[in-house]
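1. Here is a sequence together with a model predicted from it:
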Amino acid sequence: MKTQLDIFYCKETDTLDIGSGRPAGYGEDISEDLIVNSNAQGEVVGFTLEHAAELLLPLLKRYESHSRQPQ
């Protein structure tokens, strides 16, 4: 079974949405910057990360510097 992920980043709000493409009925904050999105049946259909660049860019830069080091 193939699963498709829809990924959308909004620069204006610094928000990253990752979803299954199925509509979400509601979202629930599970931490300060992370929202889980569920459908009417309560199934998780996606996640929203607020302050995405602020949170992810330092991690990506650290990963990039480690991946460039000689093995």
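-> On my side now, so go ahead.

2. From here on, just use CA atoms for contacts and neighbour counts.
-> OK.

3. Run through the chain and note the low-pLDDT ranges.
-> Counting by pLDDT under 70, the chain contains low-confidence ranges at 1-2, 64, 66-71.

4. Would you mark the buried spots in whichever helix or strand Tyr63 is part of?
-> For Tyr63, the host element (DSSP states H and E) is helix 52-67. Within helix 52-67, the residues that count as buried by 16 or more other CA atoms under 10 Å are Ala52, Ala53.

5. what does stretch 34-54 give?
-> 34-38, 44-53.

6. Just to be sure, which of those residues are found in helices?
-> Members of these lying in helices (criterion: DSSP state H): Ala52, Ala53.

7. Looking at the buried residues of stretch 34-54, which is nearest Thr3?
-> Thr3 has its nearest neighbour among the buried residues of stretch 34-54 in Val45, at 11.4 Å by CA to CA.

8. Enumerate every residue touching the closest one.
-> Gly19, Ser20, Gly21, Arg22, Pro23, Ala24, Val36, Asn37, Ser38, Asn39 (CA atoms under 8 Å, 6 or more residues apart in numbering).

9. same question, Leu34
-> Counting by CA under 8 Å, 6+ apart, Leu34 makes contact with Phe47, Thr48, Leu49, Glu50.

10. Could you export these as a markdown table, including distance to Lys61?
-> Below are these laid out as a markdown table (distance: CA to CA, whole Å):
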| residue | distance to Lys61 |
| --- | --- |
| Phe47 | 23 |
| Thr48 | 21 |
| Leu49 | 18 |
| Glu50 | 19 |
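
11. Just the ones in strands from the residues you listed, please.
-> When DSSP state E defines the strands, the subset of the contacts of Leu34 inside them is Phe47, Thr48, Leu49, Glu50.
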